[in-house]
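Coordinates only, no sequence provided:
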C-alpha cells in the first residue's frame, strides 16, 4: 500500500492532506446518505461517486463497518452543529431556531436519518452509541441553553419528559415527511416548539 | 409426520385439540418472551420449557421465523386486549385505565416488548407490520373511544400529535423501567395521561 503522504488520489484540483481528503470523502458519504439507506451506501458507491479506487477507500476507512461508522458519526456531528441554538434571544425563540434546523435536516437527509434511527433501534451497537450521543447533545442542550431555568427547572422528571419530547419530535417529523396530511411546515414547527413547555407544565 | 389429529404431545392432562395446543404453546412463548429477546427465544428453548420435541414444534409452527411471527402477534394481541379502556366513564379516567395497563404490560414484559420495538425499527418487515398494527389499535382507539370529541376533535394534526404522544409514551416507559430516577409509577402515569390533552391544546 502507498504511504499516506503520497496518496492524494487522481488529479486533485488542490493538493489535500490525507486528513482533508478523508474529510472530503466523509462529506460525500453524508451527501450520498441523504437519499440512501446505510445498507445502500457501499464502498463501491462511494468509490464511483468520488471517482477513485475501492482500494484507496479501504486505505482510508479500513472496512465497510468502519466506513459506515465514520459517515454516520460525521452525519451526527453535522446534525448537532446545524441545530445549535443561537447564543442569545428568548428561550422559546432559540428553541424554535433549533427545532427548525432539526426539521430541515431530517427533510433534507431523510433516508440517511431514517437509516440511523433504524440501525440504532435495530441492535447495531455502534449506531446506537452515535445516535444516543446525538440525541443527548440535543436534549442536554435544552438544559444547557436554558441554564437559568426560564423554560423549566432541571429535575429527573423534566429530563424524562425532554427525552420523551425528543422521541415525539422524531416520530412526528419522520411521519410528517412521508405523509404531511395537510399539516404545513410552519404548523409542525409550532406544534413541536409549543409542546415542550406544555409537557413540562404537566409535571407533578 | 404424524397427522395433526393424533398429535397431542406427551401425557397431556387433558386432551387438547391441535388449535388449543398451538394456542397453549403460543402463550408459553409469550411468557418466555417477557424476560428474553426474540433472538433468545428459539424453538429449542420453547421445546425444553414445554417438555415436547422440537419436531412437534416445527410441526405446529413450520420454522423459526413463522414461530417468532406467531408469538409476537399473540403478544401484540394480548397488549391490545389488556389495554382496552373501560366502556364507560370520563374520557380521561378511561385513558388512565388504558395507559396504566400499557405501563404495567411493558414492565411485566420488558424484554419481549423491547425486542418487538427493536425488531420493528430495525427493518424486520413482519415485526414492523405487527408493531404498526398494535400501535394503530392503541392510537386509533383514542379517537374511537373519544367519539364525542370530548378530549379533542379528530383532525390530521391531532392524529399526528396522538402518534407523537404514543412514541413519547413508549420512550418514557422504556426509559423509566431501566432508570426511574426517582419518578414514581403514579407520577409517570399522571405525566402520560395529562400529556395528551396538553399536546392537543398546542394544536393550531
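Received, thanks. Predicted model, so just to flag it, every value in this text is computed and none were measured.

Kindly report the domain assignment for chain A.
As assigned by automatic domain parsing, chain A contains the domains A:12-67, A:71-201.

State the number of residues packed around residue A:125.
Using other C-beta atoms under 10 Å in any protein chain shown, the number of residues around residue A:125 comes to 9. (Each C-beta comes from the backbone N, C-alpha and C, glycine too.)

From chain B, how far out is the residue lying closest to residue A:193 once chain neighbours are set aside?
Leaving aside its chain neighbours, residue A:193 sits nearest to residue A:96 (4.9 Å; criterion: C-beta to C-beta, 6 or more residues apart in numbering or on different chains). Distance of residue A:96 to chain B, given as C-beta to the nearest C-beta, to the nearest Å: 13 Å.

What strand or helix carries residue A:96?
helix A:91-108 (DSSP states H and E).

packing partners for that helix?
Helix A:91-108 sits against helix A:64-82, helix A:125-144, helix A:156-178, helix A:185-201, with contacts defined as 3 or more C-beta pairs under 8 Å, 6 or more residues apart in numbering or on different chains; DSSP states H and E.

re earlier: could you give the number of residues near the residue nearest to residue A:193?
18.

cool, and residue A:107?
Neighbours of residue A:107 (other C-beta under 10 Å): 14.

Next up, the contacts around it.
Taking C-beta atoms under 8 Å, 6 or more residues apart in numbering or on different chains, we find residue A:107 in contact with A:173, A:177.

pLDDT wise, what is residue A:68 at?
On the pLDDT scale, residue A:68 is placed at 88.

cool, and residue A:123?
pLDDT, residue A:123: 66.

Please apply the same query to residue A:116.
83.

contacting residues for it?
By C-beta under 8 Å, 6+ apart, the contact list for residue A:116 reads A:38, A:72, A:75, A:76, A:127, A:130, A:131.

Work out for me the element the nearest residue to the third one once chain neighbours are set aside sits within.
In space, not counting the residues next to it along the chain, residue A:75 is nearest to residue A:30; the distance is 4.8 Å by C-beta to C-beta, 6+ apart. Using DSSP H and E, residue A:30 falls within helix A:18-33.

buried ones in that helix?
Using 16 or more other C-beta atoms under 10 Å in any protein chain shown as the test for burial, helix A:18-33 gives A:21, A:22, A:25, A:26, A:29, A:30, A:32, A:33.

isn't the first one right next to residue A:61, touching?
This points to residue A:21. No. Taking contacts as C-beta atoms under 8 Å, residue A:21 lies outside contact range of residue A:61: 11.6 Å.

Does residue A:110 touch residue A:34 like I think?
Yes. Between residue A:110 and residue A:34 there is a contact under C-beta under 8 Å: 7.3 Å.

Residue A:76: what's it in contact with?
A:116, A:130, A:131, A:133, A:134.
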